[in-house]
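[1] Pasted the sequence and its predicted model underneath.
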Amino acid sequence: MPGKPLAISSRNYLFRRFTDNRSALFGLCILVMLVLCAVFADFIAPNDPNPTPPDLAIKLKPGFWSEEGVEGMPLGTDALGRCVLSRIIYGTRVSLSAGLVAVGIAMILGICFGTLAGFFGGAVDSVIMRFVDIMFAFPALLLAIVIVAVIGQGLDKAMVAIGIVYTPQMARIIRSSVLYIKEMEYIEVQQAIGSSRLRVIFRHVIPNSIAPVIVYGTLMLATAILDCAALGFLGLGAQPPTPEWGAMLAKSYSYIVSGAWWAATFPGLAILFSVLGLNLLGDGLRDILDPRLKQ
C-alpha cells in the first residue's frame, strides 16, 4: 500500500502532461472519431456503400454545394452512382482494421525477435539483426509489393505483407530497450535467486520494455493505413467493391480533370486527417512516456 499514492501521483502527472499537449489531444479526437465511424458505420452512413444494382443515372453527381446534387448524398456520388460519404465511413472500418492488424502482426513478431536478440545476445543477436539489416535494405512499400505479389492480392494479404515489412523496425526498438533493461539490478537479482529465463523475460523484461513499442506502434498505425491505401491504389490491396480509401482513389482520380473532383478529394482527405491525427497522438505519447523529454 505505501506505493499506491506514488502510482496515483505518477498517473496524474502523465495525464496532466497529456492534457497540456494540444496537438496530442487533437490527434486523440481524430482517433476517437475514426473509431466511432468504424464501430457505428451501419448507423452513421446515410446510404448503402454498395447498392445492388448501382444507379448509373446519378453517377458523378456533386454534393451539397451544388443544386445538381442528389438528396441524401451530401458529398456526391462516384462513377457507379454510390454515395461517397457512405463509402468513406465504411472505408474507415476497413482502413482502421487493416492498419491495426498489420501493426499487431509487426508488434508480435517484433517483440519476439527483438527480445530474443537483446536478451540472449551472441549468435542469436547476430543472426536476427543481420536478417533485419537485409530487410532494411529494401524500401518498405516495394518490399510489401513483392510480398503481396508472392502470396497473392487482397486486403488480408496486404495486412500480412505490411506487418512483415514493419517487423524489423519494431524488433530494433524492442531490442534496444531489452539491452538496457537486462542490465538493471532487479534483473540481476531475479537471476541470482534462480528465476528462470522465461520468467525473467515475461515478468520483468518485456513489461518494462513495452513503452516505446506503444509509442512507435501509434506512429506505425498511421503509416500502415497509408501503405494499405497505397496497395489498394495499386490494385494489390482491397479489391472492388470493398469501400477502402486507396481503392476509392484508384477508381476516381481520373475524374478530377473532368470536373468530378469530389470522388477522389474526400477519400484523400480521409487518409490525410487519419494519418495526421495518429502522428500527432504518437508524438504526444512519445513526449509523455520518454523520460528524456520530461521537463
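    Cool, got the structure.
[2] Give me the pLDDT for G3.
    Per-residue confidence (pLDDT) for G3: 46.
[3] Which parts of the stretch 151-295 of the chain are helices?
    Secondary structure of the stretch 151-295 of the chain by DSSP state H, counting those that start in this stretch: the helices cover 155-181, 185-192, 197-200, 206-209, 211-233, 245-252, 262-289.
[4] Which of these comes out lowest on mean pLDDT?
    Per-stretch mean pLDDT for the helices of the stretch 151-295 of the chain is lowest at helix 185-192 (a mean of 77).
[5] Tell me which other helices or strands it touches.
    Contacts defined by 3 or more C-beta pairs under 8 Å, 6 or more residues apart in numbering; DSSP states H and E place helix 185-192 against helix 197-200. The C-beta positions use only the backbone N, C-alpha and C, and glycine is treated the same way.
[6] Give me the contact list for the helix it packs on.
    With C-beta atoms under 8 Å, 6 or more residues apart in numbering as the test, helix 197-200 has contacts from 119, 187, 190-191.
[7] And stretch 251-266, by the same measure?
    Outside of stretch 251-266, the residues within contact range by C-beta under 8 Å, 6+ apart are 60, 62-63, 75-79, 84-85, 88, 240, 248-249, 267.
[8] Please repeat the previous calculation with a cut-off of 10 Å.
    With C-beta atoms under 10 Å, 6 or more residues apart in numbering as the test, stretch 251-266 has contacts from 59-63, 65-66, 69, 75-80, 82, 84-85, 87-88, 232-233, 235, 240-241, 245, 248-250, 267-268.
[9] check contacts around the residue nearest to the spatial centre of the chain.
    For the chain, the residue sitting closest to the mean C-alpha position, by C-alpha atoms, centre = their mean, is L221 at 1.7 Å. Applying C-beta under 10 Å, 6+ apart to L221 gives the contacts 31, 96, 99-100, 102-104, 106, 166, 274-275, 278-279, 281-282.
[10] Equivalent analysis for V148, please.
    By C-beta under 10 Å, 6+ apart, the residues touching V148 are 154, 157-158, 160-162, 231, 234, 236-237.
[11] Quick check: the farthest pair among those?
    Greatest spacing in these, by C-beta to C-beta: V160 and L234 (16.3 Å).
[12] more crowded one of those two?
    V160 (19 against 16; other C-beta atoms under 10 Å).
[13] My guess is the more buried one contacts I105. True?
    Yes: the criterion here is C-beta atoms under 10 Å, and V160 meets it with I105 at 6.6 Å.
[14] quick one on the thing from earlier: what subset of the contacts of stretch 251-266 is buried?
    Among those, the ones that count as buried by 16 or more other C-beta atoms under 10 Å are 59-63, 69, 75-78, 80, 82, 84-85, 87-88, 232-233, 241, 245, 248-250, 267-268.
[15] Isn't F138 up against A144?
    Yes: using C-beta under 10 Å, F138 is in contact with A144, at 9.4 Å.
[16] what residues are shared contacts of the two?
    V165.
[17] Compare neighbour counts for those two and give me the winner.
    It is A144, of F138 and A144, that has more neighbours when counted by other C-beta under 10 Å, with 27 against 12.
[18] gap between A222 and L100?
    Relative to L100, A222 is positioned 12 Å away (C-beta to C-beta, to the nearest Å).
[19] If you count surrounding residues, which of the two has more?
    A direct count of neighbours by other C-beta under 10 Å for A222 and L100 places A222 higher, at 23 against 16.
[20] Can you tell me the closest non-neighbouring residue to that one?
    With C-beta to C-beta, 6 or more residues apart in numbering as the measure, L278 is the residue that lies nearest to A222, at 3.6 Å, once sequence neighbours are left out.
[21] was I right about that neighbour contacting V215?
    No: judged on C-beta under 10 Å, L278 makes no contact with V215 at a distance of 11.6 Å.
[22] Tell me which of these two has more neighbours.
    Each of L278 and V215 has its neighbours counted (other C-beta under 10 Å); L278 has more, 26 against 21.
[23] That one and V103, how far apart?
    L278 sits at a distance of 10 Å from V103 (criterion: C-beta to C-beta).
[24] Show me whatever sits in contact with both of those two.
    Residues touching both L278 and V103 (C-beta under 10 Å, 6+ apart): 218-225.
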